[in-house]
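pasted the sequence and its predicted model underneath.
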Amino acid sequence: MIRGFQYSLSLATLGGAALVAMSAMTWLHFQLNAENHEQRQRATIAEANLSAQIAAKSMYERENLEALRERVGQLKIRLGTDGTWERVVGQFGPGWNSQLGTKDERGIYSIQYGTLEMVSPSPSDWPRIVEAVKASEAIPGVGIAELEMRASGGLGKRTLDVVRILVAVQTRAADKFRTNSQ
């Protein structure tokens with residue numbers, strides 16, 4: 001025979017209270033973990049933002065500013081003047097057609113493009129062409145942007161029809177390139 005289940009009311013109350021306390025502690029544990037995780041995420045985001053701000057301001061450190069001043073000084077030396085295009089045309093001499101192209105204003109300096117073209121050059125012209133290109137690149141502010149050669153003829157005999165050189169001349173604005181040291 002099976003007898004009935006016997007229990008003590010005080011033990012049952014104590015067990016129920018323990019179960020409620022355990023549930024409350026488990027809920028509190030999960031709540032604290034969730035808040036802790038959220039705080040870590042906010043701290044990670046704040047750290048990333050501060051790191052980005054510090055990195056952005058690092059370009060204003062003394063060494064970087066000195067290097068930037070040096071680059072600006074070198075740029076001023078490398079820029080041409082108003083008569084630079086005429087000097088380039090003079091380097092190439094007679095036999096060349098010159099045409100001044102577009103000018104791109106960039107505030108403190110500008111870039112002027114121009115084309116020099118020789119029609120039907122002979123092989124004896126090549127040393128002068130090479131020397132003219134070399135001498136032009138030595139002029140401050142001058143760069144050869146493009147060199148184009150067109151030839152015609154068949155496999156047996158080809159002739160050079162046109163040599164075209166695109167020149168870029170960078171010149172400084174007369175009064176806009178002043179610094180505090182001048």
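Right, received. Where do you want to start?

and the helices in this protein?
9-57, 62-78, 84-92, 126-138 (DSSP state H).

those helices: lowest mean pLDDT?
Lowest mean pLDDT within the helices of the chain: helix 62-78, at a mean of 75.

quick one: contacts for G156?
Listed by Cβ atoms under 8 Å, 6 or more residues apart in numbering, G156 has no contact partners. C-beta coordinates here come from the backbone N, C-alpha and C atoms, glycine included.

just say which of the helices of the chain is most tucked in.
helix 84-92 (a mean of 18; mean count of other Cβ atoms under 10 Å).

can I get that helix in CSV? Just the C-alpha atoms.
Extracted in CSV, the C-alpha atoms of helix 84-92 (Å, rounded to 0.1, in the frame of the first residue of the first chain):
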residue,chain,number,x,y,z
THR,A,84,57.6,79.6,-69.1
TRP,A,85,55.6,78.6,-72.2
GLU,A,86,57.7,80.9,-74.4
ARG,A,87,60.9,79.4,-73.0
VAL,A,88,59.6,75.9,-73.9
VAL,A,89,58.7,77.0,-77.4
GLY,A,90,62.2,78.5,-77.7
GLN,A,91,63.8,75.2,-76.7
PHE,A,92,62.2,73.4,-79.6
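
what is that helix packed up against?
Packing partners of helix 84-92 (3 or more Cβ pairs under 8 Å, 6 or more residues apart in numbering; DSSP states H and E): strand 97-105, strand 109-119, helix 126-138, strand 158-172.

now do it: everything it contacts.
Residues contacting helix 84-92 (Cβ under 8 Å, 6+ apart): 96, 98, 100, 112, 114, 116, 132, 135-136, 139-142, 167, 169, 171.

please indicate which of these are buried?
Neighbour-count burial (16 or more other Cβ atoms under 10 Å) applied to those gives 96, 98, 112, 114, 116, 132, 136, 139-142, 167, 169, 171.

out of these, who's nearest E66?
Nearest to E66 among the buried ones among the contacts of helix 84-92: P140, at 23.4 Å, using Cβ to Cβ.

correct me, but that closest one touches V169?
No: P140 is beyond contact range of V169, at 9.8 Å (criterion: Cβ atoms under 8 Å).

what is in contact with these two at once?
Between them, P140 and V169 share the contacting residues G80, T84, judged by Cβ under 8 Å, 6+ apart.
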